[in-house]
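Undergrad: My questions concern the predicted model and sequence given below.
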Amino acid sequence: METVVMHPSYGKITYTESFWTGKKSLFIADKEALKLSRKSFRTEDGAYMEVKGNFMTGAVLHAGGEAIRLTPAVKWYEIVLSVLPFLLVMVWGNTPALFAIVPIVGGAIGGAIGGIFFVVNLYSLRAVHKVWLKVVISVGMLALCFVICFLVAVLILQISA
């Protein structure tokens, strides 16, 4: 993900972070800052800068005693919407009365699937800005998680029968 922030004294700040590796790069006024470590940088004029956080939790650039917000912090409703697939799988898959209605996999397998959907949903929600679209995406992820857990449960029941 790439974000661009305009700052009164530093000008255009471009921050990029790889989703897969977490590798960060920083450009100040279209000039790449020298990477000192995983989170610290030095500009051409010798200023030391450090990035705290990441795209998922919200990145903040600390430079010259100033904190510059690069990406917004995760909101409470994004966490709630993202944890719903995991909760649904854990409750439904481990409740015999619900399992009798529609079997879905629970336990470690269901928890792993729910955990994957938690991360994918949270990452998807961070990419959009409209709240109604975040709700629509979360409902879709919840339904997709339920269907996948149902198909895995049917597969396991077919194999064990």
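TA: Ah, there it is.
Undergrad: starting at the chain centroid, how far to stretch 14-26?
TA: Averaging C-alpha coordinates over stretch 14-26 and over its chain gives two centres that are 14 Å apart (CA atoms, centre = their mean, to the nearest Å).
Undergrad: what does it contact?
TA: Surrounding stretch 14-26, the residues in contact under the criterion CB atoms under 8 Å, 6 or more residues apart in numbering are 1-5, 13, 27, 30, 32-33, 35, 38-39, 41, 49, 51, 54-55, 59, 61, 70-71, 123. The C-beta positions use only the backbone N, C-alpha and C, and glycine is treated the same way.
Undergrad: ok, 10 Å please
TA: The contact list for stretch 14-26 (CB atoms under 10 Å, 6 or more residues apart in numbering) reads 1-5, 13, 27-35, 38-43, 49, 51, 53-56, 59, 61, 63, 68, 70-71, 123.
Undergrad: and the end-to-end length of it?
TA: Between the opening and closing residues of stretch 14-26 there is a gap of 6 Å (CA to CA, to the nearest Å).
Undergrad: buried residues in that stretch?
TA: Within stretch 14-26, the residues that qualify as buried by neighbour count (16 or more other CB atoms under 10 Å) are 14-15, 17, 24, 26.
Undergrad: just checking, which of these belong to strands?
TA: Assignment to strands by DSSP state E places the following of the buried residues of stretch 14-26 there: 14-15, 17, 24, 26.
Undergrad: still on that earlier bit, CSV for the buried residues of stretch 14-26, including pLDDT?
TA: What follows is these, written out as CSV (pLDDT from 0 to 100):
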residue, pLDDT
14, 87
15, 87
17, 84
24, 88
26, 85
